[in-house]
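Asks: got a predicted model here, sequence first, then my questions.
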Amino acid sequence: MIAANKSVILRVENLKKYFPIRRGIFSRVVNHKRAVDDVSFVVYEQETLGLVGESGCGKTTIGRTILRLYEPTAGRVFFGERNLLEQSGEELRRLRRQMQMVFQDPYGSLNPRMTVRAIVEEPLIIHGTLTPRERLERVCATLAEVGLGQDALNRYPHEFSGGQRQRISLARALVLQPKFLVLDEPLSALDVSIQAKIINLLVDLRAKKQLSYLFISHDLSVVEYLSDRVAVMYLGQIVELAPAREIYSRPLHPYTQALLSAVPSINPGAKRNRIILEGEVPSPINPPPGCRFHPRCWLRRPVCTRLEPRRLNLDGHEVTCHAVEKKFFGTGEYEP
């Protein structure tokens, strides 16, 4: 749980990212893919916010748009008190020292022609904050923090295992001593035995360096272990956000319930009511009207096809669902 006196390090307000779809010899824009559509949330200091959902729901796009690897279509992103979307040039460069990203694929995110020293030292050279000797000392110290020795300095990425490459990626992100990390599925390309070591490393680094994480993943068990709060995405929108313990013990949104019903149990005698969703995920190019989940929802009613549900707050448990509004508030146009 997050202490009440924790301050907000990142605030996302009504963020949208639409990708244009072009056709014809003149590349006219004929439509847009609504990858992220009106998303709002906060990340507190020294918190891990888990972001989960099906592939293609917009998780990675959120992470990249926050750091302005993608330029947003609309919305605001505040890091501390500064709106990142209003910064440019040297001011944006200074802010980026405090925000870094670890990419999903440690095989593709490291330049195969660069040594480990060059890879980890590159951010320091770009930001020009240290002398060559100081840079080398910082690189060695950062590698040691992620469990790699100085013998790795002059070796190339192909000489390392997948887990070691992800440690190199972590070192590259940490060398500037940031306050906030976007972790984009950092475990998905690793063996299970290696995943456990990286998970423990992330926990240790967060405590030692007082970091905040946006942890993007589709592995619900790992998210439960690492996260203080969890946000559940569906088709470009956050449908539920709550403390991790609350999400896993009392999911309110039908989509969250279906997701959690698919998590395997380590107890062979445990019985779980598996919820099988019917139909396919609608296209983000032409999302359905009303609640975006209604074509697959077993609780849908006529109002769900007409009106977007409001974002409700039940003592810190946020959810967007007409059925939940009717159950807890007895309001709205939910029709029995």
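Replies: Done, it's in.

Asks: count the residues that sit near Arg245.
Replies: Residues near Arg245, counting by other C-beta atoms under 10 Å, number 14. All C-beta spots, glycine's among them, are computed from the backbone N, C-alpha and C.

Asks: mean confidence for the helix ranked longest in the chain?
Replies: Assignment by DSSP state H gives helix 192-209 as the longest helix of the chain. The average pLDDT within helix 192-209 is 88.

Asks: just checking: what are the partner strands of the helix or strand following it?
Replies: Sequence-wise, the next helix or strand downstream of helix 192-209 (DSSP states H and E) is strand 212-216. Strand 212-216 has its sheet partners listed here by DSSP bridges as strand 48-52 (parallel), strand 180-184 (parallel).

Asks: how big is the angle separating the first one from helix 192-209?
Replies: When axes from the mean of the first three to the mean of the last three C-alpha atoms, to 10 degrees is applied, the directions of strand 48-52 and helix 192-209 differ by 140 degrees.

Asks: who's in contact with strand 48-52?
Replies: With C-beta atoms under 8 Å, 6 or more residues apart in numbering as the test, strand 48-52 has contacts from 41, 43, 59, 62-63, 206, 212-218, 220, 223-224, 226-233, 244, 259.

Asks: stretch 103-113: end-to-end distance?
Replies: 18 Å (C-alpha to C-alpha, to the nearest Å).

Asks: next, the buried residues of it.
Replies: Phe103, Gln104, Asp105, Pro106, Ser109, Leu110 (16 or more other C-beta atoms under 10 Å).

Asks: distance of Ala196 from Phe78?
Replies: 35 Å (C-beta to C-beta, to the nearest Å).

Asks: now do Glu121
Replies: 31 Å.

Asks: what about these two, which has more around it?
Replies: Glu121 (22 against 17).

Asks: wait, that one touches Glu137, no?
Replies: No - using C-beta atoms under 8 Å, Glu121 is not in contact with Glu137; the gap is 10.8 Å.

Asks: can you report how many residues neighbour the residue lying closest to Val146 once chain neighbours are set aside?
Replies: Distances taken as C-beta to C-beta, 6 or more residues apart in numbering place Arg167 nearest to Val146, at 4.3 Å, with adjacent residues excluded. By the criterion of other C-beta under 10 Å, Arg167 has 24 neighbours.

Asks: equivalent analysis for Gln87, please.
Replies: Gln87 has 17 nearby residues by other C-beta under 10 Å.

Asks: ignoring the adjacent residues along the chain, who's closest to it?
Replies: Using C-beta to C-beta, 6+ apart, the nearest residue to Gln87 is Leu95, at 6.0 Å.

Asks: contacts only, for the one you found.
Replies: Here Leu95 is in contact with Phe79, Arg82, Leu84, Gln87 (C-beta under 8 Å, 6+ apart).

Asks: need those in a markdown table (columns: secondary structure).
Replies: Output for those, formatted as a markdown table (DSSP: H, G, I helix; E, B strand; the rest coil):
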| residue | secondary structure |
| --- | --- |
| Phe79 | strand |
| Arg82 | strand |
| Leu84 | helix |
| Gln87 | coil |
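
Asks: among those residues, name the buried ones.
Replies: Buried among the contacts of Leu95 (16+ other C-beta under 10 Å): Phe79, Leu84, Gln87.

Asks: might one say that the first one is in contact with Ile9?
Replies: Yes - applying C-beta under 8 Å, one finds Phe79 in contact with Ile9, separated by 7.0 Å.

Asks: now do the shared contacts for these two.
Replies: Phe180.
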